[in-house]
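Q: For reference, the sequence and a predicted model appear below.
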Amino acid sequence: MTDRSLSLSKLARLRSRLQMPPLALLASALLFVLIFDNSTFWRIGAEVFSGRPLAFAGMIGAVYSLTLAVFSLFALPWLVKPFSVFILILSSVTSYYMDTLGAFIDREMIQNVMVTTVTESKHLITAGFLLHVALYGLLPSAVVLALKLTPQRRRVALGAPVVAGVLCALITLGLLATDFKTYASILRERKDFLASYQPGAPVVNSFRYAAMMRKTLNIVVQPLGEDATKGAAYSPGHKPALTVLVVGETARAQSFGLNGYARDTTPNLSKLPIVAFESVSSCGTSTAVSLPCMFSKLPRKDYSFEAGAAQQNLLDVLAHAGLHVEWWDNNTGHKGLADRLPNRSFLGEASPTACHDGECDDGIFLPALRAYINSLTEDTVLVLHEIGSHGPSYFMRYPPEFEKFTPACHTPELKKCSAEEVTNAYDNTIAFTDQVLAETISLLDSQQDLNTAMLYLSDHGESLGEGGLYLHGAPYFIAPKEQTQVPMLLWMSDRFATQFDHDTKCLESASSAPLSHDNLFHSVLGLMDITTEVYDRKLDLFAACPANRRKS
């Protein structure tokens with residue numbers, strides 16, 4: 001017998017000894033995930049149950065038993081291996097982002113993953129991520145695949161998962177009953193505890209996302225504001241009005257110099273006659289949620305993906321009124337907002353100054369805007385959807401010559417950088433946004449044949465390591481203000497303010513009033529003097545000024 005034959009024979013004998021019943025294999029895979037893929041869950045639990053080790057142990061036992069009860073039906077011989085591999089790899093992926101970035105895997109995060117682009121997601125596939133998945137996902141999966149399942153009679157194979165599921169459910173109830181009052185209080189007050197649990201959170205929220213999408217499969221978009229008309233400001237012979245609505249990406253109010261930030265990240269805008277609104281809250285903490293929500297008529301408390309998708313949005317209402325409306329995108333798309341309108345993507349554009357490594361910074365908009373304005377002959381609203389300060393590769397959001405704050409983090413693996421380096425890189429993105437907005441205003445102000453205005457509003461904020469959180473997308477109920485407080489500013493040419501009868505001094509005096517994305521829909525209608533039954537004067541920030549003509 002050759003050496004090769006002997007080796008194969010030994011391997012076969014070893015594999016024959018490495019046998020495990022299907023249910024035990026599933027239980028082992030779930031135990032591995034509980035121990036090795038739940039650093040954040042253990043950390044939050046240790047904090048929540050501080051001084052109560054027995055209660056903590058009871059909760060851990062209940063959570064594990066419940067997980068096994070729910071997944072026990074996958075312990076069938078022909079399902080257990082592929083399902084275990086799926087759980088191991090899924091948990092290794094989600095635990096990496098949970099533990100390194102503080103990214104909770106809720107339904108909105110699943111939605112973000114499903115609508116992301118290759119350009120956006122490639123920055124999250126780092127060497128650290130690949131190593132983590134290899135150690136905690138691929139390696140244990142290889143062990144699972146190498147194991148041989150213990151042969152079982154058909155009755156045992158079918159019955160064991162059912163019996164185990166019932167027993168585990170009873171164990172869960174029994175453990176919770178030992179201190180139900182404490183457990184109920186903790187689960188009610190510390191929703192982040194179970195929200196950090198792998199694989200429970202990603203699996204449950206994947207089903208929630210699927211259910212949400214199922215509801216919108218055959219949805220018919222209902223018209224909105226078809227009665228919209230231009231108001232008295234559009235007198236015969238008036239010069240065309242151009243309103244540029246800039247949707248910022250990941251800009252947080254705390255890092256805007258105009259909002260009192262210690263660093264002067266907005267030196268150009270601070271020299272211009274703009275109104276900076278100091279207290280503005282976002283609708284969500286991610287683009288997939290905030291973008292459609294902020295253009296919806298629905299306030300945040302009533303907004304849902306299904307409800308928003310079921311009706312037209314602000315841009316449709318403006319088009320119904322006879323305005324020409326376009327969407328220009330340098331981000332991940334318009335999320336369905338411009339389905340019925342002209343739209344243009346700048347992804348993949350070629351520019352020696354604005355584009356590098358297959359991506360473009362927001363300077364790509366400026367030459368296109370100059371060319372566009374030269375041929376403008378009608379009242380227009382142009383939406384510019386920026387890439388802004390999108391992380392984690394902040395250093396790619398501005399040209400190298402705009403690196404004002406140093407040293408700056410030059411890797412998407414933010415934990416490899418110091419807090420100062422991360423902040424510097426992010427602040428450089430804000431400073432470049434300041435440059436782009438200032439150049440846009442300068443261009444608009446130079447137009448003698450147009451009455452022009454620019455409104456800037458970010459979709460959500462960003463965490464830069466505060467409280468162990470990075471990036472954005474935290475569930476709103478636990479999201480820090482860094483992710484929910486956003487900058488908003490307005491510039492109007494004198495001719496625009498005169499045509500639409502806006503009092504900028506009055507607006508400045510009201511700039512500290514609390515606002516939110518709820519105000520955008522109605523404020524843009526007020527800004528542009530559009531009359532429609534869907535307009536709500538109470539949510540129009542311009543209605544606070546005496547010069548405003550709009551009535552409810």
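A: Right, received. Where do you want to start?

Q: quick check, residue 59 in a strand?
A: No: counting by DSSP: H, G, I helix; E, B strand; the rest coil, residue 59 is located in no strand; its state is helix.

Q: Now it: closest residue in space, sequence neighbours ignored.
A: residue 183 (6.2 Å; Cβ to Cβ, 6 or more residues apart in numbering). For glycine as for every other residue, the C-beta is placed from the backbone atoms N, C-alpha and C.

Q: ok, now which ones touch that neighbour?
A: The neighbourhood of residue 183, defined by Cβ atoms under 8 Å, 6 or more residues apart in numbering, consists of 55, 58, 59, 62, 176.

Q: Residue 179 is in contact with the second one, correct?
A: Yes: shown here, residue 58 and residue 179 form a contact pair, counting by Cβ atoms under 8 Å, at 6.4 Å.

Q: if you count what's nearby, which of the two comes out ahead?
A: Comparing residue 58 with residue 179 by neighbour count (other Cβ atoms under 10 Å), the higher total belongs to residue 58, at 20 against 16.

Q: Low-confidence stretches in the chain?
A: For the chain, the stretches with pLDDT under 70 are 1-17, 546-552.

Q: can you rerun that using 50?
A: 548-552 (pLDDT under 50).

Q: mind listing the strands in the stretch 151-300 of the chain by residue range?
A: 229-230, 241-248, 274-277, 280-281 (DSSP state E, counting those that start in this stretch).

Q: Go through these and name the closest to residue 391.
A: Residue 391 sits nearest to strand 241-248 of all the strands of the stretch 151-300 of the chain, at 13.7 Å, using Cβ to Cβ.

Q: hmm, who's touching the closest one?
A: Taking Cβ under 8 Å, 6+ apart as the rule, strand 241-248 contacts 234, 291, 294, 369, 373, 376, 379-386, 388-389, 433, 437, 440, 444, 447, 450-459, 486-487, 496, 499-500, 524, 527-528.

Q: With just CA atoms, put that strand into PDB.
A: Extracted as PDB, the C-alpha positions of strand 241-248 are listed here (Å, rounded to 0.1, in the frame of the first residue of the first chain):
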ATOM      1  CA  ALA A 241     -36.300  80.800 -11.200                       C
ATOM      2  CA  LEU A 242     -33.700  78.100 -10.400                       C
ATOM      3  CA  THR A 243     -33.700  76.400  -7.000                       C
ATOM      4  CA  VAL A 244     -30.800  74.000  -6.400                       C
ATOM      5  CA  LEU A 245     -31.700  71.600  -3.700                       C
ATOM      6  CA  VAL A 246     -28.500  70.000  -2.400                       C
ATOM      7  CA  VAL A 247     -28.900  66.800  -0.400                       C
ATOM      8  CA  GLY A 248     -25.800  66.300   1.700                       C
END
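
Q: strand partners of that strand, parallel vs antiparallel please.
A: Sheet partners assigned to strand 241-248 using DSSP bridges are listed as strand 380-385 (parallel), strand 451-458 (parallel).

Q: Which residues are in contact with residue 323?
A: Counted by Cβ under 8 Å, 6+ apart, residue 323 has contacts 230, 378, 379, 380, 381, 528, 530.

Q: now for those, which pair is the farthest apart?
A: 378 and 530 (14.9 Å).

Q: With neighbour numbers in mind, choose between the two.
A: residue 530 (27 against 10).

Q: How much space separates the more buried one from residue 228?
A: Using Cβ to Cβ, to the nearest Å, one obtains 5 Å as the distance from residue 530 to residue 228.

Q: Give the residues shared as contacts by the two.
A: 317, 318, 321.

Q: Distance-wise, check the spatially closest residue to the last one that is not a sequence neighbour relative to residue 533.
A: Counting by Cβ to Cβ, 6+ apart, residue 321 lies nearest to residue 228, which is 3.9 Å off, once chain neighbours are set aside. Residue 228 sits 9 Å away from residue 533, going by Cβ to Cβ.

Q: out of the two, which sits in the more crowded spot?
A: It is residue 228, of residue 228 and residue 533, that has more neighbours when counted by other Cβ under 10 Å, with 22 against 10.

Q: Who are the contact partners of the more buried one?
A: 317, 318, 320, 321, 525, 530, 531, 532, 534.

Q: run the last query once more with 6 Å
A: By Cβ atoms under 6 Å, 6 or more residues apart in numbering, the residues touching residue 228 are 317, 320, 321, 530, 532.

Q: how much space between it and residue 496?
A: 20 Å.

Q: and what of residue 129?
A: For residue 129, the distance to residue 496 - Cβ to Cβ - is 48 Å.

Q: Compare those two (neighbour count), which wins?
A: Set residue 129 next to residue 496 and count neighbours by other Cβ under 10 Å: residue 496 wins out with 22 against 17.

Q: and that one, which of the three is it?
A: helix.

Q: same check, this time on residue 349
A: Going by three-state DSSP: residue 349 is coil.

Q: Give me the neighbour count for it.
A: Neighbour number of residue 349 under other Cβ under 10 Å is 14.

Q: Could you tell me how many residues sit around the spatially closest residue to residue 419 that is not a sequence neighbour?
A: Using Cβ to Cβ, 6+ apart and skipping the chain neighbours, the partner closest in space to residue 419 is residue 465 (5.4 Å). When neighbours are counted by other Cβ under 10 Å, residue 465 registers 17.

Q: Kindly report the same for residue 310.
A: 16.

Q: For the spatially most central residue of the chain, give its distance to residue 474.
A: Centroid-nearest residue in the chain, with Cα atoms, centre = their mean: residue 286, separated by 2.0 Å. From residue 286 over to residue 474 the distance is 9 Å, taken as Cβ to Cβ.

Q: Spatially, and excluding backbone neighbours, which residue is closest to residue 195.
A: Closest to residue 195 by Cβ to Cβ, 6+ apart is residue 104, at 5.1 Å.

Q: Got phi/psi on that neighbour?
A: Dihedral pair for residue 104: phi -70, psi 130, per degrees, to the nearest 10.

Q: neighbours around it, how many?
A: 25.

Q: Pull the contacting residues for it.
A: When contacts are counted by Cβ under 6 Å, 6+ apart, residue 104 touches 195, 474, 475.

Q: and it, how far is that from residue 161?
A: For residue 104, the distance to residue 161 - Cβ to Cβ - is 30 Å.

Q: Then residue 538?
A: 57 Å.

Q: Repeat that for residue 366.
A: From residue 366 to residue 161 the distance is 62 Å (Cβ to Cβ).

Q: what do you get for residue 440?
A: 62 Å.

Q: one step back: of the contacts of residue 183, closest to residue 267?
A: Set against residue 267, the nearest of the contacts of residue 183 by Cβ to Cβ is residue 59 (52.0 Å).

Q: which one is residue 532 nearest to, not counting chain neighbours?
A: residue 228 (3.9 Å).

Q: What does that neighbour show for phi and psi?
A: phi -60, psi 140.

Q: before we move on, the earlier item: can you tell me, leaving aside adjacent residues, what's nearest to the residue nearest to the centre of the chain?
A: Among residues not flanking residue 286 along the chain, residue 473 sits closest, at 4.4 Å (Cβ to Cβ, 6+ apart).

Q: Likewise for residue 395?
A: residue 410 (4.8 Å).

Q: correct me, but the one you found touches residue 396?
A: No: checked against Cβ atoms under 6 Å, the pair residue 410 and residue 396 is beyond contact range at 9.2 Å.
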